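Novice: okay, sequence plus prediction incoming.
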Amino acid sequence: MSLKKHSGSLELGECTRNPGYRDVDGDGSAAETIGDHPGEKRDSTSVKLDSEAAEEYTQLRPYAGMPKEVLLLYSSQARYRVPREILFWLTVACTLALVALTIAVIALSPRCLSWWQSSPVYQIYPRSFKDSDGDGVGDLKGIQEQLDHFQYLNIKSVWISPFYRSPMKDFGYDVEDFRAIDPLFGTMQDFEDLLAEMHNKGLKLIMDFIPNHTSDRHRWFNLSRLRDPHYEDYYVWTDCNATTPRPNNWVSVFGNSSWTYDEVRGQCYLHQFLKEQPDLNFRNPHVRQEMIDIIHFWLGKGVDGFRMDAVKHILEAAHLRDEPQVDPNKPPELVTSEWDLHHDYTTSQLGLHDLLREWRAEMDIYSREPGRYRFMVTESYDYHEVDKTMMYYSTPLVKESDFPFNFYLLDLPQNTSGLWVQHLVHLWMANMPKGQWANWVVGNHDKPRIASSSGHTYIRVINMLLLTLPGTPTTYYGEEIGMENINVTDSQIQDPRSPMQWSDDMNAGFNNKTNITWLPVHPDYRTVNVEVENSFSMVQFGRNIWPELACIIPL
Ligand code: GLC
């Protein structure tokens, strides 16, 4: 349709008639009625409107059967056009502003925290937490009996140290079967019941995953020493002299050579920990696949995450060259401790992070379900090589662990100073890659308890520090009530693994069936126990600060 305007008249081309419009005579079309010259033959597709006719249209009430042409006549007038255009552009501008605002709010607002960020992690050493069957060793049923303790403390994430089938040379860190529960701790049914009950109560279960080594009783090791073709290279073997089995100067974390001669195979195998913990050979693709299958096994059962054990040791240099001595003048035969060498060839080797990233990707397959994020934390003592630790955060585009354990507050000395603590906090915060999540650890099964390392008077303040620093705190069972190490009489070793002190009953409530406990109960259990701590009223100064502080999520 075209609309041409001449002086005082309007010409409409291809116009259509408004069927709702009736002329005054009632029998003609609008075009016939409003023509210039009555009787003149008119083109049915064009109409001329003079000022008189236009005036006639103005008599019509707006929209009451007005033909489109007339509407156009009005709508192009400035008083209608300008407000219309203003309204149009205002709507466009408002819509754009709204979209931009929404994007900005989404981009700027803090992400929803995942479960591993919004609660402290509580480490259970299962041998010592609660013994349900009275054999002196804690077990999975015992843990299930005590789940209310976590609800009282406002803790949602629970890491349980290993409970795989094991000869227990390293208390479960020597795994004989990665798919079985050690009978000391219970059965697979007990595990499944525990996990179901934890999930019912809104708790998450983190397991230990121990990839670096197995027990020497593991089926793979037996087949490997027999040179079964499939398993031959499952471990790190090398030729050595049976009488002085030291293919190089490498030393174990637990002291002395990290090589042991195996008579069955007639070669030496590597062990970065005990000789009963042979190192797996991650250069073998079958070993890599075995570990992935084990990850799937437990994630399939529903566990919520893994604490990856001793990760920096997973790979060693294939050339097996001597490591440089810290003191080059020390006679080589006196190089027996891990502190004697720079571990250039036995820790943090190229390829390590690829393995962890691969495991992360496998875990992510299970994380897609809402609320079922599977969490990974890595254990690596890099001491003051903090940049090595930070590598486990990986990059913004390639995920690895959700955080590497921050062990810098673990070794606080007696009478530590605020300045020293501040330095350690700053060390982490300043080195952590942008956008990553901090974490803090003040105790675990390998280190002395706070009361024993920093001193009694520091228990409360260190717990407060732990719970108020930005990031996820990890606490070790018993620290919430200020338990101390025990003296293990035969060696006088200070041990942080004594039975949990639940009450002032027999064996501190750890078990009530016998007098046996696998390690002695600390004598202070009559005053230092969960029952006493929890019975303090709010107004008493001694109130346990844990439940309140655990609710804080310092960002
Ligand atoms: C980790 C564990 C430690 C164990 C070692 C070997 O460091 O915390 O207890 O002995 O790995 O598995």
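Specialist: Everything's here; your move.
Novice: how many residues are close by the closest residue in space to G136 that isn't next to it in sequence?
Specialist: Using C-beta to C-beta, 6 or more residues apart in numbering and skipping residues adjacent in sequence, the residue nearest G136 is I516, 3.6 Å away. Any C-beta I mention is one placed from the backbone N, CA and C, and that applies to glycine too. Residues near I516, counting by other C-beta atoms under 10 Å, number 12.
Novice: please apply the same query to A317.
Specialist: Using other C-beta under 10 Å, A317 is surrounded by 14 other residues.
Novice: and what about it, helix, strand or coil?
Specialist: Secondary structure, DSSP: H, G, I helix; E, B strand; the rest coil: A317 is coil.
Novice: how about the contacts made by P396?
Specialist: Residues near P396 by C-beta atoms under 8 Å, 6 or more residues apart in numbering: 433, 435.
Novice: switch the cut-off to 7 Å
Specialist: Going by C-beta atoms under 7 Å, 6 or more residues apart in numbering, P396 touches G435.
Novice: what distance do you get for it to the ligand?
Specialist: 29 Å (C-beta to the nearest ligand atom, to the nearest Å).
Novice: got it, and D327?
Specialist: Distance from D327 to the ligand, by C-beta to the nearest ligand atom: 25 Å.
Novice: how many neighbours does the nearest residue in space to that residue that is not next to it in sequence have?
Specialist: Of all residues not flanking D327 in the chain, D340 sits nearest, at 7.3 Å (C-beta to C-beta, 6+ apart). Using other C-beta under 10 Å, D340 has 17 neighbouring residues.
Novice: for whichever residue of the chain sits closest to the ligand, grab the count of nearby residues.
Specialist: Nearest residue of the chain to the ligand: Y173, at 3.4 Å (C-beta to the nearest ligand atom). Counted by other C-beta under 10 Å, the residues lying close to Y173 total 23.
Novice: can you pull the contacts of it?
Specialist: 162, 210, 309.
Novice: in CSV, list these along with pLDDT, secondary structure and distance to the ligand.
Specialist: Output for these, formatted as CSV (pLDDT from 0 to 100; DSSP: H, G, I helix; E, B strand; the rest coil; distance: C-beta to the nearest ligand atom, whole Å):
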residue, pLDDT, secondary structure, distance to the ligand
P162, 98, coil, 8
I210, 98, coil, 6
D309, 98, coil, 5
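Novice: got a markdown table for the residues you listed, with neighbour count too?
Specialist: Shown next, in a markdown table, are those (neighbours: other C-beta atoms under 10 Å):
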| residue | neighbour count |
| --- | --- |
| P162 | 25 |
| I210 | 28 |
| D309 | 21 |
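Novice: neighbours of the closest residue to E316 other than its chain neighbours, just the number please.
Specialist: Distance criterion C-beta to C-beta, 6+ apart; nearest residue to E316, sequence neighbours excluded, is T346 at 5.0 Å. Neighbour count of T346, defined by other C-beta under 10 Å: 25.
Novice: picking up where we left off before, tell me how far the residue of the chain closest to the ligand lies from D309.
Specialist: Distance of Y173 to D309, given as C-beta to C-beta, to the nearest Å: 7 Å.
Novice: did I read that right, the residue nearest to E316 in a strand?
Specialist: No: counting by three-state DSSP, T346 is not part of a strand but coil.
Novice: contact partners for it?
Specialist: Contact partners of T346, counting by C-beta under 7 Å, 6+ apart, are 250, 272, 313, 316, 323.
Novice: got it, and Q325?
Specialist: Neighbouring residues of Q325 by C-beta under 7 Å, 6+ apart: 335, 340-341.
Novice: what about those residues, which are in helices?
Specialist: Using DSSP state H, no member of those falls within helices.
Novice: if we can go back for a sec, and which of the contacts of T346 is nearest L419?
Specialist: Proximity of the contacts of T346 to L419 (C-beta to C-beta) peaks at H313, which lies at 33.6 Å.
Novice: thinking again about what came up before, redo the contacts of Q325 as JSON lines? Include distance to M429 and pLDDT.
Specialist: Formatted as JSON lines, the contacts of Q325 follow (distance: C-beta to C-beta, whole Å; pLDDT from 0 to 100):
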{"residue": "V335", "distance to M429": "37", "pLDDT": "96"}
{"residue": "D340", "distance to M429": "33", "pLDDT": "98"}
{"residue": "L341", "distance to M429": "31", "pLDDT": "97"}
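Novice: now distance to L71 too, for the residues you listed, in JSON lines please.
Specialist: Output for the contacts of Q325, formatted as JSON lines (distance: C-beta to C-beta, whole Å):
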{"residue": "V335", "distance to L71": "99"}
{"residue": "D340", "distance to L71": "96"}
{"residue": "L341", "distance to L71": "92"}
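Novice: residues from this structure in reach of the ligand?
Specialist: Proximity of the chain to the ligand is confined to 170, 173, 210, 273, 309-310, 379, 445-446 under the rule C-beta under 6 Å from any ligand atom.
Novice: at 8 Å instead, please
Specialist: Residues of the chain lying close to the ligand by C-beta under 8 Å from any ligand atom are 161, 170-171, 173-174, 210, 212-213, 253-254, 273-274, 277, 309-310, 379, 381, 444-446.
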